[in-house]
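Novice: Give me coordinates for this.
(one chain, ligands or ions: 1)
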Amino acid sequence: MGTYLRNYSDDEFSVAGEKPEVEFMDYQNDDTLQDYASEDGPVVVTVPFPFEDGKPKSVLVGETSADTISIENTSPEPVTLWSVRIFSSNPEDSYVLSMMRPPLNDADEEAKQAFLGLTSVEDRTLMPGQTLTIWLSCMPKDIGLHTSIVHVDIGEEKIERVAFLLADDNISKALFSDKPYSRRRGQNKKFEPASIVPGCRPTRQHTQGFKYKLPQFAIPADIRELIESKQRPDVLSEELSMINYAQFFSTLLVMEELNLEEEMRAYDMDSVSMRRRGMNFLSLEVPGLAERRPSLVQGDFIVARYARNDARPYQGFIHKVEADEIFLQFDYQFHINHNDRNQYHVSFTYNRVNMRRLYKSIHEAEFLGPDILFPCQSPCRAVKMCPFKPLNPHINTEQADAVAMILGCKGVPPYVIYGPPGTGKTMTIIEAILQLYTAKKRANILICAASNTAADHVLEKLLHASYLIRPSDIFRLNAQSRQYEDVNADFIKFCFFEDRVFKCPPLQALLRYKIVISTYMSSSLLQAEGIRRGHFTHIFLDEAGQASEPEAMVPLSGLCGRDTVVVLAGDPMQLGPVVYCKQADKDGLGISYLQRLLFYFEQYQSGNPNYVTKLVRNYRCHPAILDLPSELFYGGELIACKEGEVSSYDCIGLPNKSFPVLFVGIQGCDEREGTNPSWFNRIEVSKVVSIIRNLTKGGAVSEADIGVITPYRQQVAKIKKALEAFEMPDLKVGSVEQFQGQEREVIIISTVRSTVKHNEFDKFFNLGFLSNYKRFNVAITRAKSLLIIVGNPHIITMDQHWDRLLRYCADNGSYQGCPLPPPESHSYFDEPKHDEDQGGPAGWDYNQEEATNYSYKQKEATNYSYNQEPSDLGFKRDSGAHSAATNDRWSEELPEDENPPSNYTEADPEEETPKQRVEEGAEQGDVPPNQWSTNDDQVQQDAYPAKYTFPSGWCDVSSIPATGWDD
Ligand SMILES: Nc1ncnc2c1ncn2[C@@H]1O[C@H](COP(=O)(O)OP(=O)(O)OP(=O)(O)O)[C@@H](O)[C@H]1O
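Specialist: Model prediction:
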């Protein structure tokens, strides 16, 4: 389906640049010009540079591309061709008209001699049946989208044609993908657990003396039914209290889990074959496996069923994962019956072990009592600050007070260090840990962080004081799922592993460590291994704003004793918990424990330093980098303490040498390939690489000082691939989540998106930069000395924060690239409120009308975006068969059946969030793998008292069918 536009009447066309009201009509035939020419009038004008596979034609920078515009008089009368002219081009003057074919290269002498580039062709008569051919040519000087609007004024008609070319260089060209994107289709079929024939599990790792299994916490049928039928469980309308605590969070976790289940459905495969591999295994190819879509590891299982008949489904355990193949063991009978030509329907399952840990943590949290869960109910405390001699001479007064407070704390309630980015929260924690370690011989310290990257970051900071610490006193606990190769070589000696597989050491070894560093989720391994509540005298929760409350409860409910000092550090204005289910997010799962505590303290203990210390001195960012986030998110309270020099970046020719925030505007194209729903923009990749090469030329900036942040995993992969040729292993490329808590001298942000319509979708799923102010905040506060943003200004201007950044750069003479959108009034996409209420679908008010008007108001083609539909442009054009026809795909307006399902699941694989979140989840919690089931299936008696009873409706392990469906 495309869009067809009438040609203009004389009146309509009379005011140059003003776009008259136009009427759009849908047409069915999307690629034959003749069809609508005959409907339309006596003159047929072809469209130059038709789209190829739904995308603008790719040309190389420096090479001339030319195509014809044929103007045919199909009427029986002569018509006067008044003019053909280039109305506008972007970049300016990048296209010319000519009556002859232009020279395509330097050797094309004949054409060179005769060539005369024109901006208009005037005044001639076309006889009946006569066709005039005019050439439109373009020689791009730089990468990116090149657009031209050509107006044909003939007889009574005004006809417009819009041409699009995408200029590549060798770097972007190498990333060109000819694999069209097609959405993965799931079977949407669930198997009844009871009917599944159990498979053969991989041999389990030996575990140390556990007596109890991690309960299953199978989802009670009535709660499942309630949520699946879109009813709101009553408990969610109640105020959170000691009484409903477990039920409240259990319900939210069920909502989350149902979403995850749904997501796995999308990976299901129909009519696929498996290959016999040796005596014991069948192998199955899983497209996307290498990108962890789906994320499968040894110990997970699939369910397979013969495609031809209604035979029973069989469970197949994954024994090995290789590139895009998994090796499976089913029941013996399945292997006997198997033939490589057999076709199967395959369903992937979601590994519940982490979820079960969360259920367990919130049920056990009741033991913590109100001092931890509802400190507003506990008696007011007075902490006697403990004087100390700073080990870090740089520590400032507020940081020193916070450390003194931590040293003086005796048991709960928790103590919170709150501070905007770069205010030294981690540094304060490190000082407190070192003080405890050196001064208090009995201190046993656990530090949890939201991701492996963040936990490694803490270790790295601690090692800066390695002269104070015996290496044998520190242990970095890793989940078995973590790849050995992912761990920095300097940290390996602090980890425990066998055959390059990470493990939790036995209890006796664990007890000897004075400082243990872990992710929130992995800390459950300590409890499982037998560490008792109260063993740790101090538990530090770093980046606590990133952990959901159940996640924060994993270390607390499992390990916190009466006298344990609990310290949280974080910032609720930075990235929050990863929650898949929008409704669960809204109902409370998206609010971190830190945020809830801050809320209580603000309400009941406002300004009381016995509970909270607020840090406002930023030591990370150049004042110009800090200004905007300080104003947007922190009421201008941040105090910049970093020197403001920008001397070493002459290599990239900053337009304003004293202003180290540069916006590089580029109109590229965002695309997807294969079945991978993640976006990439090869034009931006090339621009990012070129900036990096300029920065590192002659060693001006070291690669380790540069970080590249981009929201999409495919863009991360493409940038890494493009950088391979330049061997820069120390240059970190990652998502915002992977950069939270981190910093680099130079940060380059690639925003990727070049299509307006994606933003609504992004926002719906709370992904991408545009949709999430927290992500924006984190992204722009990672740079110490130089921040460069590479993106399409016409897209990002739709978000109020990004627009502010764009204007901030432009106002300071620090904008380069394609023409800027005018700073005229247009409504932004509705901004999620700064209260964590990021709304569900109903909360989103994407103002398509405004978005349309916005483009409509633009007077020049400079603002054209090929991937906007004509109606978006509000411009009267017949951008022709091609763009209208292909824009349907290209503009990524999702076909109806690809729109978010009505039952609203964020886990739609169509877009980035789920994948990204799976990735982040994997990092945050070292997600699902089987090792969870090794160490965690059993929990030591003390850690999980036998007398503990589950709330009604929650079943214990004995009620689970033997199929292993629930692990
Ligand atoms: N008192 C100080 N004097 C000098 N530099 C400091 C001080 N405190 C922190 N810094 C430096 O500021 C930078 C940011 O510190 P840190 O990472 O601890 O901040 P943060 O608040 O944890 O940041 P984020 O919110 O991004 O996680 C680091 O380079 C750190 O060394």
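
Novice: So for the one helix or strand residue 594 maps to, what gets flagged as buried?
Specialist: In this structure, residue 594 sits in helix 593-604 according to DSSP states H and E. Of the residues in helix 593-604, 593, 594, 595, 596, 597, 598, 600, 601 count as buried by neighbour count, 16 or more other Cβ atoms under 10 Å. From N, CA and C alone the C-beta is placed, and that goes for glycine too.

Novice: Likewise for stretch 299-311?
Specialist: Here stretch 299-311 shows 299, 300, 301, 302, 303, 304, 305, 306 as buried, counting by 16+ other Cβ under 10 Å.

Novice: again, but for stretch 544-559
Specialist: 544-559.

Novice: same check, this time on stretch 338-345
Specialist: So stretch 338-345, judged by 16+ other Cβ under 10 Å, has buried residues 338, 342, 344, 345.

Novice: near the ligand, which residues of the chain?
Specialist: Applying Cβ under 6 Å from any ligand atom, we find that the chain lies next to the ligand at 394-396, 399, 419, 421-427, 571, 619-620, 741, 743.

Novice: go with 5 Å
Specialist: 394, 396, 421, 422, 423, 424, 425, 426, 427, 619, 620, 741 (Cβ under 5 Å from any ligand atom).

Novice: Now list the buried members of the residues you listed.
Specialist: 396, 421, 422, 423, 424, 425, 426, 427, 619, 620, 741.

Novice: Cross the residues you listed against helices and list the overlap.
Specialist: Counted as lying in helices by DSSP state H, out of these, are 425, 426, 427.

Novice: quick one: the strands in the stretch 651-800 of the chain?
Specialist: 661-665, 671-673, 676-680, 706-709, 732-734, 744-750, 783-791 (DSSP state E, counting those that start in this stretch).

Novice: Could you check which residue of the chain lies nearest the ligand?
Specialist: Using Cβ to the nearest ligand atom, residue 424 is the residue of the chain that sits closest to the ligand, at 2.8 Å.

Novice: give the contact list for that residue.
Specialist: Residue 424 sits next to 395, 396, 399, 615, 617, 619 when contact means Cβ atoms under 8 Å, 6 or more residues apart in numbering.

Novice: And residue 783, by the same measure?
Specialist: Taking Cβ under 8 Å, 6+ apart, one finds 621, 622, 625, 660, 707, 743, 744, 745, 746, 747 in contact with residue 783.

Novice: Residue 387 now?
Specialist: Counted by Cβ under 8 Å, 6+ apart, residue 387 has contacts residue 404.

Novice: give me the number of residues near residue 606?
Specialist: 9 (other Cβ atoms under 10 Å).

Novice: Got the confidence number for it?
Specialist: With respect to pLDDT, residue 606 scores 72.

Novice: again with residue 957
Specialist: So residue 957 comes in at 23 (pLDDT).

Novice: follow-up on the earlier one: so can I have a markdown table of the buried ones among the residues of the chain next to the ligand showing distance to residue 665?
Specialist: Shown next, in a markdown table, are these (distance: Cβ to Cβ, whole Å):
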| residue | distance to residue 665 |
| --- | --- |
| 396 | 39 |
| 421 | 25 |
| 422 | 27 |
| 423 | 31 |
| 424 | 34 |
| 425 | 34 |
| 426 | 34 |
| 427 | 36 |
| 619 | 31 |
| 620 | 26 |
| 741 | 30 |
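
Novice: could you dump the residues you listed to JSON lines with pLDDT?
Specialist: Below are those laid out as JSON lines (pLDDT from 0 to 100):
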{"residue": "396", "pLDDT": "95"}
{"residue": "421", "pLDDT": "94"}
{"residue": "422", "pLDDT": "94"}
{"residue": "423", "pLDDT": "96"}
{"residue": "424", "pLDDT": "95"}
{"residue": "425", "pLDDT": "96"}
{"residue": "426", "pLDDT": "95"}
{"residue": "427", "pLDDT": "95"}
{"residue": "619", "pLDDT": "94"}
{"residue": "620", "pLDDT": "94"}
{"residue": "741", "pLDDT": "85"}
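
Novice: Among the residues you listed, which one lies nearest to residue 802?
Specialist: residue 421 (17.4 Å; Cβ to Cβ).

Novice: Neighbours of the residue nearest to that closest one when sequence neighbours are not counted, how many?
Specialist: Leaving aside its sequence neighbours, residue 421 sits nearest to residue 781 (Cβ to Cβ, 6 or more residues apart in numbering; 3.7 Å). Using other Cβ under 10 Å, residue 781 has 28 neighbouring residues.

Novice: I'd assumed residue 627 was in contact with residue 781.
Specialist: No - Residue 781 is beyond contact range of residue 627, at 11.1 Å (criterion: Cβ atoms under 8 Å).

Novice: before we move on, back to that, just how off-centre is the helix or strand following the helix holding residue 594 within its chain?
Specialist: Going down the chain from helix 593-604, the next helix or strand is strand 612-614, by DSSP H and E. Relative to its parent chain, strand 612-614 has a centroid offset of 30 Å by Cα atoms, centre = their mean, to the nearest Å.

Novice: Need the three-state assignment for residue 454.
Specialist: helix (DSSP: H, G, I helix; E, B strand; the rest coil).

Novice: I meant to write residue 355 there.
Specialist: Per three-state DSSP, residue 355 ends up helix.

Novice: residue contacts, it?
Specialist: 217, 253, 256, 257, 260.

Novice: what's the neighbour count on the closest residue to the first one other than its chain neighbours?
Specialist: Closest residue in space to residue 217, ignoring its immediate chain neighbours: residue 359 at 3.9 Å, by Cβ to Cβ, 6+ apart. Other residues within reach of residue 359, judged by other Cβ under 10 Å, total 26.

Novice: Residue 464 too?
Specialist: Using other Cβ under 10 Å, residue 464 is surrounded by 12 other residues.

Novice: got the contact list for it?
Specialist: residue 430.

Novice: Please apply the same query to residue 45.
Specialist: 69, 70, 71, 72, 152, 159, 161, 878.

Novice: Could you tell me whether the fourth one really is in a strand?
Specialist: So the one you mean is residue 72. Yes - residue state for residue 72 (three-state DSSP) corresponds to a strand.

Novice: which regions of the stretch 651-800 of the chain sit below the pLDDT cut-off?
Specialist: 756-770 (pLDDT under 70).

Novice: I misspoke; the intended subject was the stretch 251-400 of the chain.
Specialist: Using pLDDT under 70, the flagged stretches of the stretch 251-400 of the chain are 291, 377-380, 382.

Novice: which stretches of it form strands?
Specialist: 269-272, 275-277, 281-285, 301-306, 314-322, 325-329, 344-348.

Novice: Could you single out the most deeply buried of those strands?
Specialist: strand 301-306 (a mean of 25; mean count of other Cβ atoms under 10 Å).

Novice: Measure how that one sits relative to strand 344-348, angle-wise.
Specialist: Orientation check (axes from the mean of the first three to the mean of the last three Cα atoms, to 10 degrees): strand 301-306 against strand 344-348 gives 160 degrees.

Novice: Run the angle between strand 301-306 and strand 281-285 for me.
Specialist: On the basis of the same axes, to 10 degrees, strand 301-306 is oriented at 90 degrees to strand 281-285.

Novice: tell me which strands and helices strand 301-306 is in contact with?
Specialist: With contacts taken as 3 or more Cβ pairs under 8 Å, 6 or more residues apart in numbering; DSSP states H and E, strand 301-306 sits against strand 314-322, strand 325-329, strand 344-348.
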